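**Q** Here is a sequence together with a model predicted from it:
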Amino acid sequence: MVSVTSSVQQKSNSYVRTKKGLSYVLGDTNNSENHILPINAIQYSSYTNDIYTAGRDGTVKVWSNSNNHRNDSVVSNKDTVDSTIASNSSSNDYDNGIFEFGNGGENESNQIGDEYQDIDEKILKLETSISSNPVPYNLKSSNNSNSNSTISLSNSVNKFTIQTSYNIYFDWINDLKLINNDRDLVSCSSDLSIKLINLPHEDELTGDSNGIIHERSHSSNNRSITHPSNININASVHKFSNIHTDYIKKLSYFKDSNHLLSGGLDGNIYIWDLFNLKPIQQISNSTGFDTSCLRSSIYALANNESNLISCGGPNNTINLFDRRSSNPYVRKLIGHQDNIRCLVMNDHFILSGSSDTSIKLWDLRNYKVYKNFDIHDFPVWSLVTESPHNFNKFYSGDKAGNIVKTDLTYLSSFVNENEDIFHGYDTFTVNDNSIIDEKLGISSIISKGNSPILSLCHESKDDTIFASNYEALNRYINPNIDQVSKYQYLRTCLDYSINREQQFNDEIASGLMVDDNNNAPPPPGDADLNSDFYDLISHLSMDTLTNNYDLQSTFSHSHSYHNLFDSGTPPTDKYLDSDNDSLNSSQSDEEYTSIFLNVNGGPSDEFINTYKDESAYNSNTNMQKLNYVRTSPSQEPQASQQSVDKFVDDTPVEILLNPIPADQITLVPFNIKPLNQTKITPKSIISKRFFNNKREILVLYLNGDIKIWDVFMCKEVRSFLIDPQLNLSMLNAKDLDIRQKEMDNIFQKFQSSDTLNNWCDVEIKAGKLLVTIKETSFLNVELYYDDLIKSYPFLALDHPESKFYNYKSKVTVNLDDRFFVGSIFLNSILFQYALLEWEFDKQVREEMRQLRKNNRNLNNTPASAEDMAEASSISSFRRLKYFGRKPSKTNLSTSSQQASPAASTNTSINEYLGSPENPMSDFLNFSEENKQSYDNSIMKLLQTNKRVYWDKYNHVTYNQAKAKVIDSVLHVDALDPTLSIESANNPLIYTPLIDTGRLPPHLLIIIFEHNQDLGNYRDLCSFQLSDIQKLGLNSPLLHDLRMHLPKWIGNPLLYNRYPVKETPKIAFQLLECDYSLLPANKKIGGKTQRKIKKLPVLETSIKLTSHSMLRVGKIIIYLTEKFESKTSEMKDKKMVPTDWLVLECKGQELPNDMTLQTIKTKIWKSSADIELRFRRKFDP
């Protein structure tokens, strides 16, 4: 076993530097609407009858049935079918529910005395039941109905609607698993995080006096889970520790041991303890004993609920591991020719789906392919079984949008001897069973589409199938092919038994039973299982047996011609030819439709539905199906009255007596259209353009809407909506191209003249805008005060929302004062946290004062004389001086690089006490053993404060008699002057803050780490803005913020300390305008060109360098100060220099608020020094 604890310790010896940043997500996410991007994973809870979906939009949604606790009634078309057979009249209600094939259904086979029925009688009853009847389905409804009323399935079946949404990721969610008896939900994401949601089940919970919470299940047995009696039924989200370094693709759950598996593109499998959400074991997806060799990415992951683990990916092999072993690798299974996309596993078998279009059933007893399934023509992307541990029935979806159901109920390995319905009629050896198993298995096409199937889920209560593709979440009716599968099994066993007996008799008659040495020949199929040749063939060939009987010929010749009439469908006149040749000739011209597939490829040669000319089925649209019923043997089929509102193909099934060429059979789906369809909400962002002001961004949505977002205020400011009728549908490529051109026109129309650097990065992730703020850029953009209040009037000093409103008489702010945009935003969203730290800092200083007064240590133990002497010897004054010194650029930049292993040691939300009883004691006794986990965090700053305070209390100069509380080193009062009486009496510096009421409360904020070795930003801590407003000392989020917020955010927020940043400089020259080059119609002081009076001579040659944000107005003021003499305008005290003096660049007059950076970028457009020419204003 490879211990993760030890492996992390080994990794910690070679640190990988990471940096931290803060991101937030902007976009349209409506809790009551479907996902805005396709759904990657679906889970169904049989306990609550809820559906859970995980989308590429980073959201988990809970879908509840409209009546989960209803008295179920069955929508049935059994009566309709029976009446059709009895009266030979048209049926309108085939699509209304469950029925058994004819009168020979499964129920009859279980009647008393059935075990004494002759096998031929059983088969005959099944033939009668199957033939001329539609494929049944099991569907329940909340609406009671009588046989005289027609039920519309879309109205009668309870629909699933969204009840809850969890917007907890900033990137795709790749997988989703229900755990803990469906009480919790675990998901993994491309943001490299795994999160657990405690699902609320208030209506399902009942308590007792022992604190045991019992949940009422839908079965007769209740399940019980131990919880505290005061359980919090409100859902909460918990984050696992960070350890994956690339996208996490798959999860798998060990139910018995309560462990979780995770695997991803980093090629590692981690086993997690779900009690503390920490990894307990790491397995590298590499083969052999050398785990340092190249790891393969993991696309599929499964376990056998015990100790075996299987995974697959782009290396085309399935790797098996045993987690109990010191070297977990067991072996690899070779057979697939392309990526392995999906795996299901139990104690005996593995079911795998691959991009090579095949599905394989692997036998874990010999690690060989037990059975191949060539039922898809396109890559298999999704695979699910009806029961987690039972492969009797499974469902598969492919890249083309086809969903196939496969029934393996009667495979010999799946059936106990006591349950074998053929048991007692004949006895088969293992080899016999293997031969029969090759012919068993029936597949049916549930649906066809034109969009890849991303995920499948079987909903057991109503027996329906949920499938997600690129366009919608669809719900399909599940065909019941139990009796078809049963008939296939009995027919195959009987034919094989007859064939085997006939072969035995023939061999006796010919004397071939023994050789010259009286040795019997080896049993058929008993090849050398240990040979390399057999091993290769067993993996690469569909037929792993050396002796296969042609059972289809047995099918065809074991029936006499009159069996055609016994099948339940009277033949029409055209079949009544004189001999079989005539019959075959007639059949050779026919075309047929079928929902049944041969598991070895192509249409089934055992069952069809009808002749193609009897169906108006449209294979392209899959929207409508005309239904036909024979009214008499001599009549042609007639269309039923109700042919539009049909969901399933209810064409009768026929059992084939002779094989039909595959090119005469057209495969059709059982579902003509989905029972329910919830389309993807087309509100994902597909294109963006950032305006020059770096605060507004233009975006295009999938539905064609165009909007302008303010990333500073996190809201839409302008919309250009498409036709409301098209608003809820995706636009095609042509229409999107048109909207893209319209978007370009809008961008040019609203483009600003500013030229600013980026204070944040904006990218499209998960269909939304991910705004990222990093240390290197958050101070890049400054706004002048006049520009700030022009765009955001509520940030003005004299606005009632301002924290400085009551102190405006003591605050001086000029229009030319500049403020960092990034700092305003960060201080605003974290202001409530800063207030909490301010209050906590007061408590810390008071607690330390009491401890020092009582001669106790920080851990509240009595202090010895030696302790006091040692504490007094520390020069706290020197430390305070160093602490208050403004840090250099080098210090701040290097401190941003955290030395941490690639497998991050940052703690999860559960690593700290979720509800600490004494937060003060926890803080004062905080362990500093693992410094890498917090060295670049606010916690490091706070722990430094603690040491500074304690040193000062223990210094010899501290007056023990007065025992005053020492002053705080925090300067949160710079954000809010009401926090300090002293600051209110001193000159104040205005700091603008956005009132959080103006920001969206559900704004998702993420603290992340990143470096070149990580496949994405790695989520360290995520929360909503409203969580900050509810922050308390006992909140686990407080600890997460302290541990994960980096120093570069904490220094401005808590200490009002900003790094000294070297801003880019721009060189320029000031020259007087050459008046001779002015147009003749331009006059200054009534004079033109050379007659214009020149301005005073400058004292020195003006060649300057300044920061890029310097405005033209400031340059003009500076210019007048450098004139050798004063002009008449300068002597006029009512005039300011900008009233009469202007600057030009390349002949273009410059506005006073234009900056040097804008001039250089938009006008000068050269790397040489900018030439600015000054003159008086032209005469009006």
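**A** Okay, I see it.

**Q** which stretches of the stretch 701-850 of the chain form strands?
**A** Here the stretch 701-850 of the chain has its strands, by DSSP state E, counting those that start in this stretch, at 706-710, 715-720, 761-765, 768-774, 782-784, 818-820.

**Q** what does the stretch 101-250 of the chain give?
**A** Applying DSSP E, counting those that start in this stretch to the stretch 101-250 of the chain gives strands spanning 140-141, 160-167, 173-179, 184-189, 194-198, 205-207, 212-215, 223-226, 237-239, 248-254.

**Q** Okay, now the sheet partners of the fifth one, with direction.
**A** The reference is to strand 194-198. Sheet pairing of strand 194-198 (DSSP bridges) gives strand 184-189 (antiparallel), strand 237-239 (antiparallel).

**Q** Pull out the buried positions in stretch 849-859.
**A** 849, 851-852, 857-858 (16 or more other CB atoms under 10 Å). Bear in mind the C-beta positions are built from the backbone N, C-alpha and C, glycine included.

**Q** So what touches it?
**A** For stretch 849-859, the surrounding residues in contact (CB atoms under 8 Å, 6 or more residues apart in numbering) are 848, 860, 862-863, 867-868, 924-925, 946, 950, 953-954, 958, 960, 963-966.

**Q** now it: how far from the chain's centre is it?
**A** 51 Å (CA atoms, centre = their mean, to the nearest Å).

**Q** For that stretch, measure first residue to last.
**A** 13 Å (CA to CA, to the nearest Å).

**Q** re the thing from before, can I get the strands paired with strand 194-198 in CSV including mean pLDDT, distance to Arg324 and mean neighbour count?
**A** Output for the strands paired with strand 194-198, formatted as CSV (pLDDT from 0 to 100; distance: least, CB to CB, whole Å; neighbours: other CB atoms under 10 Å):
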stretch, mean pLDDT, distance to Arg324, mean neighbour count
strand 184-189, 96, 23, 25
strand 237-239, 92, 28, 18
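
**Q** quick one: which of those strands is nearest Ser382?
**A** Closest of those to Ser382 is strand 184-189, at 17.0 Å (criterion: CB to CB).

**Q** got the angle between that closest one and strand 248-254?
**A** 150 degrees (axes from the mean of the first three to the mean of the last three CA atoms, to 10 degrees).

**Q** can you list contacts of strand 184-189?
**A** 41, 43, 52, 54, 58, 60, 169, 171-179, 194-199, 248-251, 253, 260, 262, 264, 274, 1019.

**Q** how about a cut-off of 7 Å?
**A** With contact meaning CB atoms under 7 Å, 6 or more residues apart in numbering, strand 184-189 is reached by 52, 54, 58, 60, 169, 171-179, 194-199, 248, 251, 260, 262.

**Q** Bridge partners for the residue sitting nearest the centre point of the chain, pull those for me.
**A** By CA atoms, centre = their mean, the chain has its centre lying nearest to Ile173, at 1.3 Å. Ile173 has the following beta-bridge partners by DSSP bridges: Ser189.

**Q** what number of residues lie near Gln1089?
**A** 15 (other CB atoms under 10 Å).

**Q** any idea how far it is from Gln282?
**A** 82 Å (CB to CB, to the nearest Å).

**Q** swap in Leu274?
**A** Look at Leu274 and Gln282: by CB to CB, they are 17 Å apart.

**Q** Likewise for Val330?
**A** 17 Å.

**Q** With neighbour numbers in mind, choose between those two.
**A** Gln282 (21 against 17).

**Q** give the contact list for Asn316.
**A** Taking CB under 7 Å, 6+ apart as the contact definition, Asn316 lies against 336-340.

**Q** Next, it: phi, psi?
**A** phi 70, psi 10 (degrees, to the nearest 10).

**Q** Tell me the pLDDT of it.
**A** If you check Asn316, the pLDDT there is 93.

**Q** How much space separates Arg1175 from Ile442?
**A** The separation that Arg1175 has from Ile442, given CB to CB, amounts to 92 Å.

**Q** Which of the two has more residues huddled nearby?
**A** Neighbour totals were compared for Arg1175 and Ile442, and Ile442 leads with 25 against 21 (other CB under 10 Å).

**Q** just checking, that one touches Lys405?
**A** No - in this structure Ile442 lies outside contact range of Lys405 using CB atoms under 7 Å: 8.9 Å.

**Q** and Ile465, what element?
**A** Counting by DSSP states H and E, the element that carries Ile465 is strand 464-468.

**Q** picking that back up, and which of the contacts of Asn316 is nearest Ala1168?
**A** Nearest member of the contacts of Asn316 to Ala1168, counting by CB to CB, is Asn339, at 55.7 Å.

**Q** Grab the nearest non-local neighbour of that closest one.
**A** Excluding its sequence neighbours, the residue lying closest to Asn339 (CB to CB, 6 or more residues apart in numbering) is Ser355, at 4.3 Å.

**Q** Wasn't Lys1134 part of a helix?
**A** No - under DSSP: H, G, I helix; E, B strand; the rest coil, Lys1134 sits outside any helix and is assigned coil.

**Q** Check it and give its pLDDT.
**A** 87.

**Q** what's the answer for the one 10 residues further on, then?
**A** Model confidence at Glu1144, given as pLDDT, is 93.
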